[in-house]
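**Q** Below is the structure, and that's it, no one-letter string:
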């Protein structure tokens, strides 16, 4: 998961806002700006975005607080409510969901982001909050091979399942299908949304460097870093920041 908070300080942000104002609320204008920050990755699942229109991994701009009439219609044209996502994360996983800790606090009449400050949402927007605060990576072996899952950051998020922070971690992981796969990869009700394909790909991409760091194997690390093309590719992922911060476990 990628920290997107730099988007508002981007050199092209002001000019993009001006284009947006002249476009009659065409939020797709923000795609290129967000893609530049994310290195053309989906900030949620980190799949590489493609250019095929309406494909599973094409880029979309999501209204993080949905623009539906019974949700947040007044934030339809609010740029701070936008986030880049792949089509799969947007249309098949998140859809028009935006759960709150207390549904009675939903600010349906919100006209600006300041109007929702007291809501206590169970999802967080990576343009506002850093995923490093919430998560660690878990590299796990299963009967179907290796998978990379997100799990609660044990250093910053309390293990109390009733705490607000714990519930936020759990909701983000479950809603986007990015964890708890190790319990059972069979298509049971509990894990039917688990994205084994993308989690397997991420495992394969990072496992060598993770093992070398975990074992403090300087020789292996030197070989990995000598391959500049490979390491430059890894650095494009938000997961790389988790790894160099040693926010991971190997099971």
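**A** It's in. Everything quoted here is computed from the prediction, not taken from an experiment.
**Q** Over stretch 144-159, what's the mean pLDDT, rounded is fine.
**A** Averaged across stretch 144-159, the pLDDT comes to 94.
**Q** where do the helices sit along this structure?
**A** Counting by DSSP state H, one finds helices in the chain at the ranges 13-22, 31-38, 87, 131-134, 164-175, 196-214, 218-226, 228-234, 238-244.
**Q** Please name whichever of those is nearest to residue 107.
**A** helix 164-175 (17.5 Å; Cβ to Cβ). Yep, even glycine has a C-beta here, placed from its N, CA and C like the rest.
**Q** Identify all contacting residues around that closest one.
**A** Outside helix 164-175, the residues that touch it by Cβ atoms under 8 Å, 6 or more residues apart in numbering are 93-94, 97, 99, 101, 120-124, 134-135, 149-153, 156-161, 178-180, 193.
**Q** ditto for stretch 29-39
**A** Outside of stretch 29-39, the residues within contact range by Cβ under 8 Å, 6+ apart are 2, 4, 6-7, 10, 12-13, 16, 19-20, 23, 43, 49, 59-61, 79, 82-84, 236-238.
**Q** run the last query once more with 6 Å
**A** Around stretch 29-39, the neighbours that count as contacts under Cβ atoms under 6 Å, 6 or more residues apart in numbering are 2, 4, 6-7, 10, 12, 16, 19-20, 23, 59, 61, 82, 84, 236.
**Q** Can you get me a residue count around residue 9?
**A** Neighbourhood size, residue 9 [other Cβ atoms under 10 Å]: 8.
**Q** Residue 114 versus that one, what's the distance?
**A** Here the criterion is Cβ to Cβ, to the nearest Å. By it, residue 9 lies 20 Å from residue 114.
**Q** Residue 104 too?
**A** 19 Å.
**Q** More neighbours: these two, which one.
**A** Of the pair residue 104 and residue 114, residue 114 is the one with more neighbours under other Cβ under 10 Å, namely 8 against 5.
**Q** quick one: pLDDT of the more buried one?
**A** 95.
**Q** Kindly report the same for residue 54.
**A** Checking the pLDDT column for residue 54, the value is 77.
**Q** Tally up the residues packed near it, please.
**A** Neighbour tally, residue 54, other Cβ under 10 Å: 8.
**Q** Equivalent analysis for residue 138, please.
**A** Residue 138 has 21 neighbouring residues, counting by other Cβ under 10 Å.
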